[in-house]
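In: dropping the sequence and predicted coords here.
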Amino acid sequence: MALTPKLEMRQSQSLLMTPQLRQAINLLQMSNLELSEVIEQELGKNPLLEREDDTSRDEEPLPRTIDDDGAVAGQAEEEFAPDNIDYDSNFDDFGSDSAGYEETGYDWADYNRGKNPHLDEDFDYCEKKLADTTSVYTLIEQQIDLSFTSPRHKIIARLLSEGLDDAGYFRGNTSDIAQRLRTSEKEVREVLQKMKSFEPDGLFAENLKECLTIQLRDKNRCDPAMALLLDNLGLLAERRLKDLQKICGVDAEDLDGMIAELKTLNPKPLAKYNNDITSYIIPDVFVKRNAAGDYRIELNNMSLPRLLINRAYYSEIIRRDKSSRRFLKENLSHANFLIKAMHQRADTILRVSEEIVRRQLDFFEKGIDYLKPLSLRDVAYSLEMHESTVSRVTNRKYMHTPRGLFELKFFFSQAAGSYIGNEDTSTLAIKHKIKQLIEAETPDNILSDDNIVSLLANEGVKIARRTVAKYREALKLPTSAERKRQKRA
């Protein structure tokens with residue numbers, strides 16, 4: 001039988017990713033900082049868009065309250081229900097990766113690039129400013145992800161990073177962080193110690209001596225004489241060089257060489273970034289506890305400009321200049337969609353935040369030991385959203401709580417074992433319990449993995465011995481035999 005080419009007509013239905021939906025998804029996954037910069041560019045190119053004057057903001061952000069039973073009170077009806085943007089439409093084709101908006105295939109910077117040479121310069125400035133503003137955040141965030149495998153330690157590390165000053169010194173309070181997370185100060189100090197190996201050299205040092213010592217150790221130049229010089233920086237400031245020669249046991253020439261080497265070091269590791277580290281993260285949501293003990297969830301409306309459409313200007317120009325009608329209508333349509341997408345983004349962030357707080361009430365009440373397992377799918381199912389929507393809305397969005405500042409995605413942890421009442425306990429919490437048990441050991445009472453299984457079972461946590469061994473190894477804790485030798489040494 002011969003094969004011959006032929007034409008056939010077929011009718012089928014498929015969903016397409018419209019440019020507007022692509023814009024809405026981009027807005028959803030942007031951080032507040034990125035979105036603010038994009039809005040500034042939209043204000044510059046759309047003559048119908050205006051920034052609402054700050055003095056006209058008489059209305060308070062609509063708070064929602066979650067009581068001890070997890071019920072949400074004060075929830076308004078869906079304000080934009082008739083015109084809701086369907087984020088979930090064709091999400092699988094768009095991809096579930098929650099990376100930055102530049103990688104989605106639709107770059108806001110390319111929206112009008114080439115059409116207006118002045119806009120090209122503005123967009124270049126916007127991109128450079130965004131890169132400069134987020135450089136410190138990116139620098140620290142990447143090193144936290146590379147240095148810590150435990151979500152628990154990543155949470156502690158991010159709280160510690162809030163204590164950095166402009167120069168790169170740690171000025172926070174480890175005791176306060178331990179109290180907020182209901183963990184030991186020893187564990188917080190261990191995380192801080194590891195962060196002192198971050199780049200640039202000297203970052204997270206707690207004083208000038210430590211900052212210089214870290215840099216010299218990295219160069220393998222912190223010999224005993226140099227260590228003595230660092231112990232007496234006050235004498236160096238007073239130029240008491242003879243005294244320093246005696247203390248360090250060196251002659252004048254060697255001391256001059258040591259001082260010259262100190263001058264090559266950087267006493268302010270973050271100075272070159274010229275960036276206020278305390279403001280590199282802007283909370284998207286505030287969680288506050290009221291007098292009744294309930295939690296109020298509010299959006300941070302002040303971090304973004306509020307937009308209005310100048311309809312009077314539109315009506316006047318379209319009446320006088322008919323040649324501009326198409327241009328104005330396109331801008332009106334774009335402005336309407338932008339405002340609607342921003343409202344939808346805010347509502348989605350608020351709803352997901354409410355669900356997180358409702359499900360993690362025990363964490364807010366009692367500390368990190370009570371962090372429950374939570375998946376993106378759980379939240380998506382409860383809110384009737386696509387899992388990709390929840391993934392995007394939790395990425396690079398931050399919640400300011402009484403226990404500290406947390407990225408939304410860090411409230412998600414896989415389950416391990418079962419707990420009293422058939423409620424799973426999170427991997428994070430079980431690892432913490434294992435670490436507490438091992439830290440409390442005495443030389444005469446070293447716990448085997450089987451002993452730990454039994455002790456956890458007494459607390460209502462059912463877990464296999466091989467799982468205990470896996471978590472112990474992940475925590476870099478030695479075996480019971482090795483710990484016994486160490487304790488008796």
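Out: Thanks, I have the structure now.
In: please make it C-alpha for all contacts and neighbour counts, starting now.
Out: Will do.
In: now stretch 379-388: buried residues?
Out: Within stretch 379-388, the residues scored as buried using 16 or more other C-alpha atoms under 10 Å are 379-380, 385-388.
In: let me know the closest of the residues you listed to K219.
Out: Relative to K219, the closest of those is S388; by C-alpha to C-alpha it sits at 46.0 Å.
In: what about that closest one, distance to L229?
Out: 56 Å (C-alpha to C-alpha, to the nearest Å).
In: cool, N266 as well?
Out: To L229, N266 is 16 Å away according to C-alpha to C-alpha.
In: neighbour count: these two, which is higher?
Out: Neighbour totals were compared for N266 and L229, and L229 leads with 21 against 18 (other C-alpha atoms under 10 Å).
In: T394 contacts F406, doesn't it?
Out: No - T394 lies out of contact with F406 (C-alpha atoms under 8 Å); the separation is 10.6 Å.
In: tell me which of these two has more neighbours.
Out: Neighbours per residue, other C-alpha under 10 Å: of T394 and F406, the larger number sits with T394, 25 against 19.
In: that one: what's it in contact with?
Out: Contacts for T394 (C-alpha atoms under 8 Å, 6 or more residues apart in numbering) come out as 349, 407-409.
In: 6 Å - rerun?
Out: Residues near T394 by C-alpha atoms under 6 Å, 6 or more residues apart in numbering: 408-409.
In: pLDDT score for it?
Out: Per-residue confidence (pLDDT) for T394: 87.
In: buried residues in the one helix or strand E42 maps to?
Out: Using DSSP states H and E, E42 maps to helix 32-45. Under the neighbour-count criterion of 16+ other C-alpha under 10 Å, helix 32-45 has 32-35, 37-39, 41-43 buried.
In: now, which of the buried residues of stretch 379-388 sits nearest L216?
Out: Nearest to L216, judged by C-alpha to C-alpha, of those is S388 at 46.8 Å.
In: wasn't that closest one part of a helix?
Out: Yes - with DSSP: H, G, I helix; E, B strand; the rest coil as the criterion, S388 is located in a helix.
In: and the nearest residue to L456 once chain neighbours are set aside, how close does it get to H432?
Out: The shortest distance from L456 to any non-neighbouring residue, by C-alpha to C-alpha, 6 or more residues apart in numbering, is to K462 (6.8 Å). Note on K462: its distance to H432, by C-alpha to C-alpha, is 15 Å.
In: so what's D201 scoring on pLDDT?
Out: Looking at D201, its pLDDT is 88.
In: same question, L160
Out: Looking at L160, its pLDDT stands at 91.
In: next one: E206
Out: For E206, the model assigns a pLDDT of 93.
In: quick one: secondary structure of it?
Out: Relying on three-state DSSP, one would call E206 coil.
In: isn't it up against F170?
Out: Yes - counting by C-alpha atoms under 6 Å, E206 touches F170, with 5.2 Å between them.
In: below-threshold pLDDT in the stretch 301-450 of the chain: ranges please.
Out: Across the stretch 301-450 of the chain, the ranges flagged by pLDDT under 70 are 413-426.
In: reformat the buried residues of stretch 379-388 into TSV and put distance to T183 next to each item.
Out: What follows is the buried residues of stretch 379-388, written out as TSV (distance: C-alpha to C-alpha, whole Å):
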residue	distance to T183
V379	27
A380	31
M385	35
H386	35
E387	32
S388	33
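In: nearest to D145 among the residues you listed?
Out: S388 (21.9 Å).
In: could you check how far the closest one is from N395?
Out: To N395, S388 is 11 Å away according to C-alpha to C-alpha.
In: for L371, same thing?
Out: From L371 to N395 the distance is 19 Å (C-alpha to C-alpha).
In: so which of the two has more stuff around it?
Out: Using other C-alpha under 10 Å as the criterion, L371 and N395 rank with L371 on top: 24 against 19.
In: how many other residues sit next to the closest residue to that one other than its chain neighbours?
Out: Nearest non-adjacent residue to L371, counting by C-alpha to C-alpha, 6+ apart: F363, 5.0 Å away. Neighbour count of F363, defined by other C-alpha under 10 Å: 18.
In: and F363, which of the three is it?
Out: Of the three states, F363 takes helix under three-state DSSP.
In: wait, doesn't it sit right on Y370?
Out: Yes - F363 lies in contact with Y370 (C-alpha under 6 Å); the separation is 4.9 Å.
In: quickly list what's touching both of these two.
Out: Common contact partners of F363 and Y370 (C-alpha under 6 Å, 6+ apart): none.
In: using CSV, write down the CA coordinates of stretch 384-401.
Out: The C-alpha trace of stretch 384-401 is given here as CSV (Å, rounded to 0.1, in the frame of the first residue of the first chain):
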residue,chain,number,x,y,z
GLU,A,384,-9.1,25.8,45.7
MET,A,385,-6.0,27.1,43.9
HIS,A,386,-3.5,25.4,41.6
GLU,A,387,-0.4,24.2,43.4
SER,A,388,1.7,26.4,41.1
THR,A,389,-0.1,29.5,42.3
VAL,A,390,0.7,28.7,45.9
SER,A,391,4.3,28.0,44.9
ARG,A,392,4.7,31.4,43.2
VAL,A,393,3.0,33.3,45.9
THR,A,394,5.2,31.8,48.7
ASN,A,395,8.5,32.5,46.9
ARG,A,396,10.3,35.6,48.0
LYS,A,397,7.3,36.8,50.0
TYR,A,398,8.0,37.5,53.7
MET,A,399,5.8,37.4,56.8
HIS,A,400,6.7,39.6,59.8
THR,A,401,5.6,37.7,62.9
